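>>> Here's a sequence, model it:
(2 chains)
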Number of protein chains: 2
Amino acid sequence: MSWEDNVRKVVPYVAGEQPKDQDVIKLNTNENPYPPSPKVAAVIQGFDCDILRRYPDSDVSALVDALAERHGLDREQVFVGVGSDDVLAMSFLTFFQGKKPILFPDITYSFYDVWADLYRIPYEQQPLDETFRIKKEDYFRENGGIVIANPNAPTGVASKRSVLEEIVGANPDSVVVIDEAYVDFGGESCVPLIEKYDNLLVVQTFSKSRSMAGMRIGYAMGSRKLIGCLNDVKFAFNSYTMGAVAIAAGVASVEDEAYFAETTARVVATRERTKRELARLGFVFPDAKTNFIFAAHRSVPAQEIFDALRGNRMYVRHWNKPRIADHLRISIGTDEEMDKVLDFLESYLNGR
Amino acid sequence: MSWEDNVRKVVPYVAGEQPKDQDVIKLNTNENPYPPSPKVAAVIQGFDCDILRRYPDSDVSALVDALAERHGLDREQVFVGVGSDDVLAMSFLTFFQGKKPILFPDITYSFYDVWADLYRIPYEQQPLDETFRIKKEDYFRENGGIVIANPNAPTGVASKRSVLEEIVGANPDSVVVIDEAYVDFGGESCVPLIEKYDNLLVVQTFSKSRSMAGMRIGYAMGSRKLIGCLNDVKFAFNSYTMGAVAIAAGVASVEDEAYFAETTARVVATRERTKRELARLGFVFPDAKTNFIFAAHRSVPAQEIFDALRGNRMYVRHWNKPRIADHLRISIGTDEEMDKVLDFLESYLNGR
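Okay, here's the model as predicted:
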């Protein structure tokens, strides 16, 4: 007997590498190539630091209100956390306490099984079809909850809202979490379904489309009942998750809709151009609705291309896992960054 | 059957009131009356906000290193989280997975039983003696873990390090968490025991002595083994808990040791003066080693004094709970704030 016998054993999530080297073209963690809104910088740089001696607003009211207005919801329908990972971790703890397995796709955000294991929640992974699409019938069975990333990661594939509505509607006795981390780059959001289904929780983040991964802000939207349950668990975990600077910076971002629309459109335009170039170079990929493309080359192994890119200080993501080992996940950078990567790929593939 | 059957039922923690009104003398949540170090403000106001588009350092290396140096430890002995509540919540989840009850005092930080309930951890509360002191023998029995706040809240009573060392040493098969949220105001820290006991976890915070409650920074110190276990669970919950601004601001605070020493000494001086005045006004209290005093009046009920103070826009904390209902917890403000409160109390008590 030792204290180690009482320790919770877990297998942690492994995030993409964060090289300290500034000289790298970093397309491995789906960060936005553009900075946050200048209004965010203005709020941070003008922040009255004396108020930091006080606890922040545990209800995060200013940011909850701004998000509620942005999405046409009431403040009782919005929950804010320390990035969407915090919101999702809290959601697993809050909503998936049944004995039946929760369901999510076999190829998806690789934190879902980590959270399930952390909280000892049974789960069953449902195989995507050969084109990486969800088969909705897989979710028409008994379950203790459902989690679907839409658009999905790392595939970039988006499901239609109507398909997800069928899943939500068929499972009134389960909470269905739709993880919309990438929705702003071209997916159909399920937010319009919230008024209709009290079991639907939609999760979004400031880390991708709002260029604020470094600030740690994510949020959930759903029925008043769902959000009430999430808040109860949050207030049993940490009353003050959101610092005062993060709250103020988040509000500034939400208020600058024009900047958000402009930078998001730029990323989408670069993505569409990158798709054409990758296709020309012999890559195949599902139609990405995200700020990344999940591409396999017709003849060259992904690991070889990954190593070649890395040798040239160009970081993308590769998983040596069943069904996806031939793919690379390439985040969308600036046009200049993508040109450098595409030029390198062209000369590398031609020179083999 | 409904999704609500799968929801985790909890009774959330209730924090002290945070009035929006700026005109209040707020002595109810143990906040520091002085602002954070001017170096913290300089770092925030000069922050390069463009880097917020990137994920922060998930290892929080800069702040971990600064704290390790400050406390004479290695970086593998320090864990940083979103306030000490986050660190404690994570510690309960990580270390208290046994079937035996964990032990903590009956009068202490009222989040301990909330976390135990959240994670379905059995617990037994050990009664303090009549002078609000820990009886060490209460912790010499089988248990699944031990949590002791030192100095304790809301009593302000400090235990000697030698007493806590006896408890840590008697329980090699349990993790013993010493919550030192208030230690900088006069307690004896258990950090010097860390090299000797691999089952000792010491938790501190930036919210009190560093005037940074609004920034959300707390940390744990312990053996490499303990800190490794905490990191595994953290990386199975949220890889990026600490935002880039918080990390930079935290480092700036740790580096300004002179400001920390000066403001902490001012709070202590004001507390000692306040003790003398409260005694003169007929209050009794254990010797507080914290930035608050836990005081009962010899003849006037606490609820009555609480209401009178509140009616005059002076907020202190009162719990209508067994054994402590006759006490008020009064945070130490500036000298000017304490003078106003003491003047009011004098005229109120004389005029009854």
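
>>> Can you say which helix or strand has the residue most central in space within chain A in it?
Residue closest to the average C-alpha location in chain A (C-alpha atoms, centre = their mean): A:Ala181, at 3.2 Å. A:Ala181 belongs to no helix or strand when assigned by DSSP states H and E.

>>> try A:Lys289
Counting by DSSP H and E, A:Lys289 is part of no helix or strand.

>>> so who does it touch?
A:151, A:156-158, A:182, A:185-187 (C-beta atoms under 8 Å, 6 or more residues apart in numbering or on different chains). The C-beta positions use only the backbone N, C-alpha and C, and glycine is treated the same way.

>>> Before we move on, what's the pLDDT of the residue nearest to the centre of chain A?
According to the prediction, A:Ala181 has pLDDT 98.

>>> sorry, back to before: a markdown table for the contacts of A:Lys289, including distance to A:Ser91 and neighbour count?
Below are the contacts of A:Lys289 laid out as a markdown table (distance: C-beta to C-beta, whole Å; neighbours: other C-beta atoms under 10 Å in any protein chain shown):
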| residue | distance to A:Ser91 | neighbour count |
| --- | --- | --- |
| A:Pro151 | 19 | 25 |
| A:Gly156 | 23 | 26 |
| A:Val157 | 22 | 25 |
| A:Ala158 | 21 | 25 |
| A:Tyr182 | 18 | 25 |
| A:Phe185 | 23 | 24 |
| A:Gly186 | 24 | 19 |
| A:Gly187 | 19 | 23 |
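
>>> biggest separation within those, which pair?
Distance extremes for the contacts of A:Lys289: the farthest pair is A:Val157 and A:Phe185 at 12.6 Å, using C-beta to C-beta.

>>> what is in contact with those two at once?
Common neighbours of A:Val157 and A:Phe185 (C-beta under 8 Å, 6+ apart) are A:151, A:289.

>>> still on that earlier bit, let's see which of the contacts of A:Lys289 end up in helices.
Among these, DSSP state H puts none in helices.

>>> and which of the residues you listed is nearest to B:Glu195?
For these, the nearest to B:Glu195 is A:Tyr182 (46.9 Å; C-beta to C-beta).

>>> what separates the nearest residue to the closest one once chain neighbours are set aside from chain B, distance-wise?
Closest residue in space to A:Tyr182, ignoring its immediate chain neighbours: A:Thr290 at 4.0 Å, by C-beta to C-beta, 6 or more residues apart in numbering or on different chains. The gap separating A:Thr290 from chain B is 16 Å, by C-beta to the nearest C-beta, to the nearest Å.

>>> cool, A:Asp117 as well?
For A:Asp117, the distance to chain B - C-beta to the nearest C-beta - is 7 Å.

>>> Against B:Ile324, how distant is that residue?
To B:Ile324, A:Asp117 is 41 Å away according to C-beta to C-beta, to the nearest Å.

>>> same thing with A:Val175?
For A:Val175 relative to B:Ile324 (C-beta to C-beta), the value is 39 Å.

>>> So these two - more neighbours on which side?
More neighbours surround A:Val175 than the other of A:Val175 and B:Ile324, with 29 against 19 (other C-beta atoms under 10 Å in any protein chain shown).

>>> hmm, back to that, pretty sure the residue nearest to A:Tyr182 contacts A:Ala153?
Yes. Using C-beta atoms under 8 Å, A:Thr290 makes contact with A:Ala153 at a distance of 6.9 Å.

>>> Give me the nearest residue to the residue nearest to the centre of chain A, chain neighbours excluded.
Per C-beta to C-beta, 6+ apart, closest to A:Ala181 is A:Thr205, 5.0 Å.

>>> Show me the strands in the stretch 201-350 of chain A, by range?
Assigned by DSSP state E, counting those that start in this stretch, the stretch 201-350 of chain A shows strands spanning A:218-222, A:283-284, A:292-297, A:314-315, A:327-331.

>>> Leaving out sequence neighbours, find the closest residue to the closest residue to chain B within the stretch 151-300 of chain A.
Nearest residue of the stretch 151-300 of chain A to chain B (C-beta to the nearest C-beta) works out as A:Phe235 at 3.3 Å. In this structure, A:Phe235 finds its nearest non-sequential neighbour in B:Pro12, 3.3 Å apart by C-beta to C-beta, 6+ apart.

>>> can you pull the contacts of the one you found?
B:Pro12 neighbours (C-beta under 8 Å, 6+ apart): A:231-236, B:114.

>>> Got the phi and psi for A:Val176?
The phi/psi pair for A:Val176 (degrees, to the nearest 10) reads phi -110, psi 120.
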